[in-house]
Structure formats: structure tokens, C-alpha cells
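**Student:** Sequence first, then the predicted structure, then my questions.
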Amino acid sequence: MTPEIKRRGLMLVLSSPSGAGKTTISRALLERDRNLSLSISATTRPMRSAEREGVHYHFVDQARFDRMVAEDALLEHAKVFGHSYGTPRAPVEKALAEGRDVLFDIDWQGTQQLAEKARKDLVAVFVLPPSTAELERRLQTRAQDSAAEVSKRMAKAVDEVSHWAEYDYIILNTDFETSVHRVQAILEAERLRRERQIGLHDFVASLRER
């Protein structure tokens with residue numbers, strides 16, 4: 001029987017401009033990896049018809065969100081397209097202590113805040129589109145936003161992409177399956193980092209006793 005060495009969980013961040021593919025990659029990772037769970041953000045944006053409370057987001061009003069910020073109950077928070085988003089601290093810290101990994105689908109602002117508070121637990125991946133033309137095509141194809149909203153997201157993409165150098169890894173999303181496999185490889189390697197395997201000291205000590 002293979003011995004199991006106790007490990008601290010990690011925070012895997014995927015960021016990208018809207019339409020570059022981070023959400024689709026995230027869904028695939030969650031389906032294929034039992035030890036990975038999605039961090040459910042709190043937001044003040046209205047719930048969409050296909051969304052469910054506590055599954056896609058925790059939907060709160062601005063007053064409650066502001067209280068969470070004041071009480072330091074959020075690991076990160078940001079304003080995006082006029083709405084507030086943030087990551088509740090307690091469930092993430094519990095998961096990491098239990099050796100479970102948490103996936104974050106957040107932007108560069110949130111990633112910066114996570115790096116300030118928990119850099120050792122953070123693995124940050126930025127997903128780039130093949131081109132701006134392809135990014136615009138994807139936004140138009142998904143038919144989720146109006147033409148005006150697509151234009152707004154394209155303008156914001158320029159600023160988002162400028163933060164690529166702040167990330168640990170860069171994925172060029174030209175092929176979906178290849179991108180998923182690359183992120184899986186990153187995750188597996190990061191799980192093996194010596195400092196995350198907090199049970200190694202005791203395990204190696206037991207080897208020396210034999």
C-alpha cells in the first residue's frame with residue numbers, strides 16, 4: 001500500500017480576458033479532478049436565469065458586501081463592470097488546511113490581492129487567446145452579451161492582458177484539450193512541491209527509524 005503524505009492544499013487561479021476560455025477550462029478541470037473544488041465568489045451583480053445561489057455565486061446586496069470587506073471576511077475583492085465580487089475567506093482556508101485544492105476564476109485585481117495575503121499557497125495561471133480577432137469572435141458567438149457589451153469587454157481585454165507577467169504560468173489557448181492538459185500538468189507539479197507536503201518530515205523520520 002502506498003503511504004499517503006499529508007499535504008497542504010493550494011489555490012489555483014485561472015485568469016484571462018472574457019472569452020479567452022478560462023471558464024471552460026475550469027469546468028473541465030473540476031469534472032476531471034476530485035480533489036479540486038471551485039471557490040464560490042460573493043457578488044452584487046443580479047442573478048442570471050441559468051444561475052443558482054451558492055452554486056455559481058453567493059448573491060448579496062452592496063451593504064452586506066461592504067460589511068464582509070470591513071470584517072476582513074474576504075480574501076480578495078474587486079469592482080468589475082459596476083458590480084462587486086469577492087472570495088469568502090473561511091471556506092478557502094478550511095479546504096487548504098484539509099489538503100484540498102481550490103480553483104479561482106478571477107481577474108488580475110483579485111490575483112494581486114491573493115498574492116499579498118497568501119503567496120505561498122497561490123499558483124497563478126493566465127490564459128491568452130490566440131488573437132484579438134479570435135477573442136472577439138468567441139464573445140460574439142456565445143451570444144451572451146449585446147454588441148455594446150462585447151465592445152466594452154474587448155476594450156477591457158487590452159488592460160487585462162497587460163498583467164500577464166504577474167502570473168506564474170501562461171497558457172495560449174489555441175486548442176481546448178491541450179490547454180486543459182497543460183493546466184493539469186501544472187497542478188500535479190505544484191502539488192509535489194516540497195513545502196506543500198507538510199507530512200514529509202515525519203515520513204522521512206519514520207524511514208530512518210527502520
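**Tutor:** Here it is on my side, so go on.
**Student:** Please name the nearest non-neighbouring residue to the most centrally placed residue in the chain.
**Tutor:** Residue closest to the average C-alpha location in the chain (Cα atoms, centre = their mean): Phe104, at 1.9 Å. The shortest distance from Phe104 to any residue other than its chain neighbours is 4.5 Å, reached at Val13 (Cβ to Cβ, 6 or more residues apart in numbering). For glycine as for every other residue, the C-beta is placed from the backbone atoms N, C-alpha and C.
**Student:** Please report the number of neighbouring residues for the one you found.
**Tutor:** Val13 has 27 neighbours, counted by other Cβ atoms under 10 Å.
**Student:** Spit out the contact partners of it.
**Tutor:** Leu103, Phe104, Ile106, Gly110, Thr111, Leu114, Leu122, Val123, Ala124, Val125, Tyr167 (Cβ atoms under 8 Å, 6 or more residues apart in numbering).
**Student:** ok, how many other residues are close to Phe59?
**Tutor:** 16.
**Student:** Need phi/psi at Thr87.
**Tutor:** Here is the backbone geometry of Thr87 (degrees, to the nearest 10): phi -110, psi 110.
**Student:** picking that back up, and the residue nearest to Phe104, bridged to which residues?
**Tutor:** Beta bridges link Val13 to Phe104, Ala124 when assigned by DSSP bridges.
**Student:** So for stretch 38-45, what gets flagged as buried?
**Tutor:** Neighbour-count burial for stretch 38-45, counted by 16 or more other Cβ atoms under 10 Å, picks out Ser39, Ile40, Ser41, Ala42, Thr43, Thr44.
**Student:** er, stretch 80-100 actually
**Tutor:** By 16+ other Cβ under 10 Å, the buried positions in stretch 80-100 come out as Ser84, Tyr85, Gly86, Thr87, Pro88, Arg89, Val92, Ala95, Leu96, Gly99, Arg100.
**Student:** Just the closest of the residues you listed to Arg48, please.
**Tutor:** Proximity of the buried residues of stretch 80-100 to Arg48 (Cβ to Cβ) peaks at Tyr85, which lies at 14.3 Å.
**Student:** which SSE is Val69 in?
**Tutor:** helix 62-70 (DSSP states H and E).
**Student:** helices or strands next to that helix in the packing?
**Tutor:** Counting contacts by 3 or more Cβ pairs under 8 Å, 6 or more residues apart in numbering; DSSP states H and E, helix 62-70 is packed against strand 42-43, strand 74-80, strand 83-88.
**Student:** Going by mean pLDDT, which of the ones you listed comes out lowest?
**Tutor:** Ranked by mean pLDDT, the helices and strands packed on helix 62-70 end with strand 74-80 at the bottom, a mean of 90.
**Student:** Now do that one against helix 62-70, angle only.
**Tutor:** 130 degrees (axes from the mean of the first three to the mean of the last three Cα atoms, to 10 degrees).
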